[in-house]
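Asks: just coords:
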DNA sequence: CCATAAGCGGATGAGTCATCCGCTTCACTG
DNA sequence: CAGTGAAGCGGATGACTCATCCGCTTATGG
């Protein structure tokens, strides 16, 4: 299960590649591995060795944001009011989805290339289950909504927001939160 | 502005191509023009002549469904109760988006390849404006929601539904309608 | 410094895309 | 019906992307 540590030069190449990829994603450029390799001044094979598919590279780019979100979920579980806990976390989730274009496709994908990503997604799903169970027990939300709906709904909001093409990040965030509140309003049982 | 009528053989080829493309879309296969040409037993150039891009072909495939939706919108405008009119039309829209996989990308795209598609989309936007205006005036919906939100929200629901991969068309429709009702509940001012 | 294995790079074959042009077929005329 | 011009056809082809393979380079531990 443990991977032997990378040689120093290999590790640096890997970092270069991820950095380059991050810039690509931020600019909306498609993650073409040959292209990333050239930009990172590295042989094609080097990229393919570290990241067999564009998805693997994308997941690596998205990793920090996802880890942060998992921590946020754990934090939400310490909030006393179940409704505030749920709403607060969903808000953070939408902000994360909109802030980093690498994140949504990772959540939308049924299956992950990286072991670690799968683990994080599972962790997030668990947190959702707990948050929803608490909210259900407190009777503050629609009893039909389950944990399996949450990720799709969040991805749907992010998608809807991005259908408004040609909008700055700030307006996008505003619109995304408005859509989230729409759903939250439909979900809430006051 | 008028296109001279196609020669008989050309028209038949065109129909073959669209039929083939429709089958591709239904099967979830990507619309690769070379591939479609081979399947339709037609030269590559013939496909490219009729449809310069995959989008143009896709829009043609989606056309009947979109026209039907526009008629449905006009019908909704004859319904007396503004809330029922809006809800009924949105329900039909979601059903259309989920039933025909060619439709969502056409709505999600900022710009259309075909003149006719643009016209239809504009027509739909107008219908939305009227439906929303009536609903606003009757005070039955959240006053912040505008016509520009409707298409993105509908596409978002369709997208969220499709994130549940590996589900039959029936379950999908059910889930899509459930998500729509969530939003409608958030939108409604009873 | 040496031995060795980890890592590198880019040439390359397989595959896709979209154009171009010589040939075929339709539609119309007398 | 035969002739003719234009509309349409098809597939060969060059440009481009993808991902693998293998001979060479370099870090690392002794």
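Replies: On my side now, so go ahead. Note that this is a predicted model, so its numbers are computed, not measured.
Asks: residue boundaries of the helices in chain A?
Replies: Taking DSSP state H as the criterion, chain A carries its helices at A:8-26, A:33-39, A:44-50, A:54-76, A:82-99, A:103-108, A:115-138, A:147-163, A:169-187.
Asks: Nearest to DNA strand C, out of those helices?
Replies: helix A:44-50 (2.7 Å; Cβ to the nearest atom of the strand). Quick note: C-beta positions are derived from backbone N, CA and C, even for glycine.
Asks: just checking, what packs against that closest one?
Replies: Using 3 or more Cβ pairs under 8 Å, 6 or more residues apart in numbering or on different chains; DSSP states H and E as the contact criterion, the elements in contact with helix A:44-50 are helix A:8-26, helix A:33-39.
Asks: does any bit of the longest one sit next to DNA strand D?
Replies: Going back to what we said before, that points to helix A:8-26. Yes. Against DNA strand D, helix A:8-26 shows contacts by Cβ under 7 Å from any atom of the strand at A:8, A:9.
Asks: between that helix and helix A:54-76, how many degrees?
Replies: With axes from the mean of the first three to the mean of the last three Cα atoms, to 10 degrees as the basis, helix A:8-26 and helix A:54-76 are set at 80 degrees to each other.
Asks: Sort out which residues of helix A:8-26 are buried, please.
Replies: Within helix A:8-26, the residues that count as buried by 16 or more other Cβ atoms under 10 Å in any protein chain shown are A:13, A:14, A:16, A:17, A:18, A:20, A:21, A:22, A:24, A:25.
Asks: what does stretch A:82-100 give?
Replies: A:82-83, A:85-98, A:100.
Asks: what's it in contact with?
Replies: A:25, A:62, A:65-66, A:68-69, A:72-73, A:76-77, A:79, A:103-104, A:107, A:127, A:131-132, A:134-135, A:137-138, A:140-141, A:150, A:154-155, A:157-158, A:161, A:169, A:172-173, A:176-177, A:180, A:184, A:188 (Cβ atoms under 8 Å, 6 or more residues apart in numbering or on different chains).
Asks: Would you mind listing what in chain A touches DNA strand C?
Replies: Checking chain A against DNA strand C by Cβ under 7 Å from any atom of the strand, the hits are A:6-7, A:9-10, A:13, A:41-46, A:49-50.
Asks: and which of the residues you listed is nearest to chain B?
Replies: Chain B has its nearest neighbour among these in residue A:44, at 24.5 Å by Cβ to the nearest Cβ.
Asks: pretty sure the closest one contacts residue A:36?
Replies: No. Here residue A:44 lies out of contact with residue A:36, judged by Cβ atoms under 8 Å, at a distance of 9.2 Å.
Asks: More neighbours: which of the two?
Replies: The neighbour comparison of residue A:44 against residue A:36 (other Cβ atoms under 10 Å in any protein chain shown) goes to residue A:36, with 24 against 13.
Asks: Isn't that one up against residue A:47?
Replies: Yes. Residue A:36 is within contact range of residue A:47, at 5.9 Å (criterion: Cβ under 8 Å).
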